[in-house]
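> here are the coordinates; sequence isn't available:
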């Protein structure tokens, strides 16, 4: 049996519930009437100020400490600061912060290109496709990657080194997360080299300023060996932090077939997982722990996500729609279990059994 199936339309919920296009409109009215989509400028004013202060303080401490191996501790601190800046860029990309698109885009470019060295334009395009078709074969770029298999069809279609990597992907996931930042930087550079890229000149200029400033500061303060160690730790922990923040959201949740015609409400809820926790979880995961609410209402300001949770959960319960929540550790266990089960489908016996099943009339 395929441990990581592609869910066909109608699977996993009551068929009589499918296709009610007005249900999302009903939920949206309730959310809007509760004021949960209103801008939260005061929250974002202090959030931006404190995040910028932490970012600047990290670099100031780096300059003051000078030539010391204790700089690796500063590297870890700056990795966390980079991730918090990236979360603000995420909010800006979803128009959560300001009322106008231009203001959000300015904040997003400053957080992404200038502060963290990632392309805002590339990320928003990719991320919007993910939001439109989460966990959908052939449509969600987040599951169309060469290093992980999320469904049985992906696992069985693999060959050579890729199949070997898929087989042990649950064990390789953690080491791969330390390379996440490298992948993001590489994708950003590839994106701005395309002629079709929007705001290509601005994005390239800001990425260049980031790279020049980052490398110059590090190599001016530290000798080469310590400088390289600092970069490896800072970028490794930055990527690991981001990867650990993304992993609970959809990994291990149903993967939808490319032909799926499920309505928006069910598509978003069934493929997303929330992470239980308090204020520390909210801070550490940048609000992404309310993944269901975020996918239903991407422009909802981060502080309103917690307030909307009870409303959304009750709405789903009234309609018999599964609403998945787990602790942070449980979410990682579920994701790794799913990857392990999918990886086992690359074994010769599993591939042969699948081929035999397809050959039956």
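Noted; the coordinates are in hand. Just so you know, these numbers come straight off a predicted model, no measurement behind them.

> Report the rounded mean pLDDT for the helix or strand containing residue 42.
If you go by DSSP states H and E, residue 42 is part of helix 41-65. Helix 41-65 shows an average pLDDT of 98 in the prediction.

> other SSEs contacting the helix ranked longest in the chain?
For the chain, the longest helix by residue count, based on DSSP state H, is helix 224-250. Other helices and strands packing on helix 224-250, by 3 or more CB pairs under 8 Å, 6 or more residues apart in numbering; DSSP states H and E, are helix 71-93, helix 169-177, helix 180-192, helix 200-221, helix 291-296, helix 328-344. C-betas here are computed from N, CA, C, even on glycine.

> Report the inter-axis angle for that helix versus helix 180-192.
Orientation note: helix 224-250 sits at an angle of 90 degrees relative to helix 180-192 (axes from the mean of the first three to the mean of the last three CA atoms, to 10 degrees).

> Okay, buried residues for helix 224-250 please.
Residues of helix 224-250 classed as buried under the neighbour-count rule (16 or more other CB atoms under 10 Å) are 226-227, 230-231, 233-250.

> Repeat that for stretch 26-37.
Applying 16+ other CB under 10 Å to stretch 26-37 flags 27, 31, 36, 37 as buried.

> Now for the nearest residue to residue 229 once chain neighbours are set aside: which residues touch it?
Distances taken as CB to CB, 6 or more residues apart in numbering put residue 72 closest to residue 229, at 6.6 Å, once the chain neighbours are dropped. Residues in contact with residue 72 (CB atoms under 8 Å, 6 or more residues apart in numbering) are 229, 230, 233.

> and the last one, what is it in contact with?
Residues touching residue 233, when contacts are defined by CB under 8 Å, 6+ apart, comprise 72, 75, 76, 79.

> so how far is residue 110 from it?
25 Å (CB to CB, to the nearest Å).

> Sketch out the low-pLDDT regions of the stretch 51-200 of the chain for me.
195-197 (pLDDT under 70).

> Leaving aside the residues adjacent along the chain, what's closest to residue 230?
residue 75 (5.0 Å).

> Surely the one you found and residue 237 touch.
Yes: the criterion here is CB atoms under 8 Å, and residue 75 meets it with residue 237 at 7.0 Å.

> Let me know the pLDDT of the most centrally placed residue in the chain.
In the chain, the residue lying closest to the centroid (CA atoms, centre = their mean) is residue 246, at 3.9 Å. pLDDT, residue 246: 94.

> list the contacts for it?
residue 288.

> since we're on residue 288, how many residues are nearby?
20 (other CB atoms under 10 Å).

> which element is it on?
Per DSSP H and E: nothing holds residue 288, as it lies in no helix or strand.

> if you skip the residues just before and after it, what's nearest to it?
Nearest to residue 288 is residue 245, by CB to CB, 6+ apart, at 5.6 Å.

> one step back: among the contacts of residue 72, find me the one that's closest to residue 313.
Nearest to residue 313 out of the contacts of residue 72 is residue 233 (CB to CB; 39.6 Å).

> ok, back up a step: for the helix holding residue 42, packing partners?
helix 71-93, helix 200-221, helix 302-318.

> Most tightly packed of those?
Comparing the helices and strands packed on helix 41-65 by mean neighbour count (mean count of other CB atoms under 10 Å), helix 71-93 comes out on top with a mean of 21.

> downstream neighbour of that one in the secondary structure list?
Immediately after helix 71-93, counting by DSSP H and E, sits helix 101-109.

> Count the residues that sit near residue 330.
By other CB under 10 Å, the residues close to residue 330 number 14.

> now do residue 129
Look at residue 129: counted by other CB under 10 Å, it has 16 neighbours.

> okay but it is in contact with residue 140, surely?
Yes: counting by CB under 8 Å, residue 129 touches residue 140, with 7.0 Å between them.

> Now do the buried residues in stretch 160-174.
Those would be 162, 163, 165, 166, 167, 169, 170, 172, 173, for stretch 160-174 by 16+ other CB under 10 Å.

> In those residues, find the pair that's most separated.
163 and 173 (16.4 Å).

> Next, work out how far apart residue 25 and residue 80 are.
Distance from residue 25 to residue 80, by CB to CB: 40 Å.

> Then residue 248?
In terms of CB to CB, residue 248 sits 18 Å off from residue 80.

> go on, residue 208?
With CB to CB as the criterion, residue 208 and residue 80 are 25 Å apart.

> same question, residue 272
25 Å.
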